[in-house]
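Q: Let me see the structure of the following:
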Amino acid sequence: MTAMKLHGIFAPLTTPFDAEGNLALGQVRNNVALYNKTKLAGYVPNGSTSESVLLLWEEVYKLWEAVRDATAPSKILIAGTGAESTSETIEHTNRAARIGYSVALVRTPSFYKPSINDHMLAEHYLRVADNARIPVMVYSVPVFTHVTVEASLIARVAKHPNIVGMKDSSGDMKGIAAIIAAAPREFQTLTGSAATLYEALELGAVGAILGLADVFPDLCAEIYEAASAGDRTKAQTLARKLVPPAKMLLMDYGIGGLKYAQDRMGFYGGRPRLPLQGVSEQGKAEIDQMLANLISQPAHHS
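A: As a prediction, this is how the structure comes out:
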């Protein structure tokens, strides 16, 4: 299987809900139509930014179909297919393949924490990859799962022809450097951390899947393009602009903050699904101020 090229910036799409808390599929399609006009490389529905753990799998399938229907032919579709059991992960991965997705993003199982080690994770990923009809990416998101994918695991699984890369959301630069060093040359490492995007690209990451790309798709893509072109000054200057929103939207206010910022930037965010909360009036004022500062900064001229 020729490796799917996963270079560039991908948006892990938020999931729009209506006033009753049901999926708003029309808004999904509208958001994707707007993102089609940007330089994003593709989209990832049903990742952690999509409130994946709050969705029923029947809703996930509908979401995948709505995103597929609205996506421009040039964009790559990656489906979040991870579940706690290996068999269920395979089932969702092959469902995504049938719907038309090119790649599966498979988070680490995390519930039975004391039993989780490299051996267990390697067995899981190799078995999924053996049975998946599309290429598989390993997904490490320790802030939510409390499971960190180490270079030792990647050294074991990256040789599998159907495991083409990983998304590392740890933000740990030493860890990413070790993973890139341990993996074969064609293995593609993407970062999930906006605050360290420039550093990860410098180390050899080929792209990123960033929640902030839902709000600032063009800015994120510009950083990638500048880094790829070897224009370090421009890439670093632009990357610095991501640091305040990364802290405010991802750390302080979470999904509710990210969705509010989407609303302010002309996309549809709406409210998150309970038990997640929307943003308070004070939070909205803070986010508005941060966005105003960001937008008023002069563009970089090299």
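Q: tell me the SS of L212?
A: When classified by DSSP: H, G, I helix; E, B strand; the rest coil, L212 comes out as helix.
Q: What is the neighbour count of it?
A: 25 (other C-beta atoms under 10 Å). (C-beta placed from N, C-alpha, C; glycine too.)
Q: Pull the number of nearby residues for the closest residue to it other than its chain neighbours.
A: In this structure, L212 finds its nearest non-sequential neighbour in A194, 4.4 Å apart by C-beta to C-beta, 6 or more residues apart in numbering. Other residues near A194 number 28, with proximity taken as other C-beta under 10 Å.
Q: Mind exporting the C-alpha coordinates of the helix ranked longest in the chain to PDB?
A: Across the chain, the longest stretch assigned as helix under DSSP state H is helix 281-296. C-alpha atoms of helix 281-296 as PDB (Å, rounded to 0.1, in the frame of the first residue of the first chain):
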ATOM      1  CA  GLU A 281     -19.900  36.400  29.700                       C
ATOM      2  CA  GLN A 282     -16.500  37.200  31.300                       C
ATOM      3  CA  GLY A 283     -14.900  34.400  29.200                       C
ATOM      4  CA  LYS A 284     -16.500  35.800  26.000                       C
ATOM      5  CA  ALA A 285     -15.100  39.200  26.700                       C
ATOM      6  CA  GLU A 286     -11.600  37.800  27.300                       C
ATOM      7  CA  ILE A 287     -11.800  35.800  24.100                       C
ATOM      8  CA  ASP A 288     -13.100  38.800  22.100                       C
ATOM      9  CA  GLN A 289     -10.100  40.900  23.400                       C
ATOM     10  CA  MET A 290      -7.600  38.100  22.500                       C
ATOM     11  CA  LEU A 291      -9.100  37.800  19.000                       C
ATOM     12  CA  ALA A 292      -9.100  41.600  18.500                       C
ATOM     13  CA  ASN A 293      -5.400  41.800  19.500                       C
ATOM     14  CA  LEU A 294      -4.500  38.900  17.200                       C
ATOM     15  CA  ILE A 295      -6.300  40.400  14.200                       C
ATOM     16  CA  SER A 296      -4.900  43.900  14.800                       C
END
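Q: Please, where are all the strands along the chain?
A: For the chain, the strands defined by DSSP state E cover 8-11, 42-43, 76-80, 103-107, 136-140, 163-168, 188-191, 207-209.
Q: Please export the C-alpha coordinates of the third one as PDB.
A: Right, strand 76-80. Extracted in PDB, the C-alpha atoms of strand 76-80 (Å, rounded to 0.1, in the frame of the first residue of the first chain):
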ATOM      1  CA  ILE A  76      -7.700  14.400   2.800                       C
ATOM      2  CA  LEU A  77     -10.300  12.900   5.200                       C
ATOM      3  CA  ILE A  78      -9.000  11.200   8.400                       C
ATOM      4  CA  ALA A  79     -11.600   9.500  10.700                       C
ATOM      5  CA  GLY A  80     -11.200   9.200  14.400                       C
END
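Q: Report the angle between that strand and strand 103-107.
A: Taking axes from the mean of the first three to the mean of the last three C-alpha atoms, to 10 degrees, strand 76-80 and strand 103-107 form an angle of 30 degrees between their directions.
Q: Which other helices and strands does strand 76-80 contact?
A: strand 42-43, helix 57-70, helix 86-99, strand 103-107 (3 or more C-beta pairs under 8 Å, 6 or more residues apart in numbering; DSSP states H and E).
Q: most tightly surrounded among these?
A: Mean neighbours per residue, mean count of other C-beta atoms under 10 Å, is largest over those for strand 103-107, with a mean of 28.
Q: got the angle between that one and strand 136-140?
A: 30 degrees.
Q: Strand 103-107 pairs with which strands?
A: strand 76-80 (parallel), strand 136-140 (parallel) (DSSP bridges).
Q: List the residues that contact the most centrally placed residue in the chain.
A: In the chain, the residue lying closest to the centroid (C-alpha atoms, centre = their mean) is I209, at 3.5 Å. Neighbouring residues of I209 by C-beta atoms under 8 Å, 6 or more residues apart in numbering: 9-12, 44, 47, 78, 105, 167, 190-192.
Q: try it again with 7 Å
A: Applying C-beta atoms under 7 Å, 6 or more residues apart in numbering to I209 gives the contacts 10, 12, 44, 47, 167, 190, 192.
Q: Pipe those into a markdown table and attach pLDDT per row.
A: Formatted as a markdown table, the contacts of I209 follow (pLDDT from 0 to 100):
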| residue | pLDDT |
| --- | --- |
| F10 | 98 |
| P12 | 98 |
| V44 | 98 |
| G47 | 97 |
| K167 | 98 |
| L190 | 98 |
| G192 | 98 |
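Q: now, the most widely separated pair of those residues?
A: G47 and L190 (11.7 Å; C-beta to C-beta).
Q: what about M265, neighbour count?
A: 15.
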